[in-house]
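> Curious how this folds, go ahead:
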Amino acid sequence: MTNQPIEQPNFDNRSMKIPLAQRVYLFRDLPTNVQENLLRLQNTDGDFLKMSSGETGRRIGLLILVAMASIGLWAVVADGLLDLKRILVFSADVLILLLWFVYFVWRISKIFGSPLKNLIYLTPTQAIETLDGFVRYRELKDAEIASKQYLSDSGRTFTLKLEFDDGDFYNYWFGSYKKDLQKRKNWYEKALTWKKEAVSAFERGDTAYLESRSVFPKLSETNTPVLQRKSYTRAENVR
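A predicted model of the protein is given here:
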């Protein structure tokens, strides 16, 4: 989900009072069985879709750009004489670049300091996002599922999109190669089947079906601390 960093303004154990789109959990606070489920998804392959959120690469790319800008700034200054005005402008630019550099190093350290990678998943019952040691999820039965395509400089890019009534959504991005198109088609059909089965199980009260396929069994009934992130309208999702 670009998704803004997950915020953590307040802990609140009354998870049922927090809208689903705003519920965020710290990995270390989750029950052991849920932690094991998430690590299994991350470290193994199975009947679920697993994709990078792109957040790690984005941060590293921005860090490189800041470093290159710093080098370029030093080169420009080295070629000219320094007067008071240039010194002041140079110092301000260096300070800004330094702050950005420290910020991105800190954000990258959060990735490597967490047992969870920044990924998004699609399972038979849920859509799941992990970011910097935080976790959030939505129920697949509540999603509208669509296959979208976008035009870019590199050609067409295809996505599997899950969208919810409250405006929350997830995009699973596929490339434009023929094999990726077939993969996207297969996952689109599977997602529709999974949703149909989840809705049917919910309507007939088949909790055994839902619980056996859930990464977060009965999570809302535990005492797991819940973070409430600020609600906002996203222009795009994690990619």
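
> ok, which stretches of this structure are strands?
Secondary structure of the chain by DSSP state E: the strands cover 11-12, 23-26, 49-52, 119-122, 126-131, 134-139, 144-152, 155-163, 169-174, 226-228.

> CA atoms of the fourth one as CSV?
Looking back up the chat, that one is strand 119-122. The C-alpha trace of strand 119-122 is given here as CSV (Å, rounded to 0.1, in the frame of the first residue of the first chain):
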residue,chain,number,x,y,z
LEU,A,119,5.6,-7.2,2.3
ILE,A,120,2.0,-7.4,1.3
TYR,A,121,0.1,-10.7,1.2
LEU,A,122,-3.1,-12.1,-0.2
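
> what sits up against it?
1, 41-42, 48-53, 127-130, 140, 160, 162, 170, 172, 187, 191, 215, 238 (C-beta atoms under 8 Å, 6 or more residues apart in numbering). No exception for glycine: its C-beta is placed from N, CA and C like everyone else's.

> Can I have the buried ones of those residues as a PyMOL selection?
Paste this into PyMOL to select the buried members of the contacts of strand 119-122, with burial taken from 16 or more other C-beta atoms under 10 Å:
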select buried, resi 1+41+48+49+50+51+53+127+128+129+130+140+160+162+170+172+187+191+215+238
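
> picking up where we left off before, mean pLDDT and distance to residue 209 for the strands of the chain - can I get that in a markdown table?
Shown next, in a markdown table, are the strands of the chain (pLDDT from 0 to 100; distance: least, C-beta to C-beta, whole Å):
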| stretch | mean pLDDT | distance to residue 209 |
| --- | --- | --- |
| strand 11-12 | 44 | 30 |
| strand 23-26 | 87 | 23 |
| strand 49-52 | 83 | 20 |
| strand 119-122 | 92 | 17 |
| strand 126-131 | 91 | 13 |
| strand 134-139 | 90 | 13 |
| strand 144-152 | 79 | 19 |
| strand 155-163 | 80 | 20 |
| strand 169-174 | 85 | 22 |
| strand 226-228 | 78 | 25 |
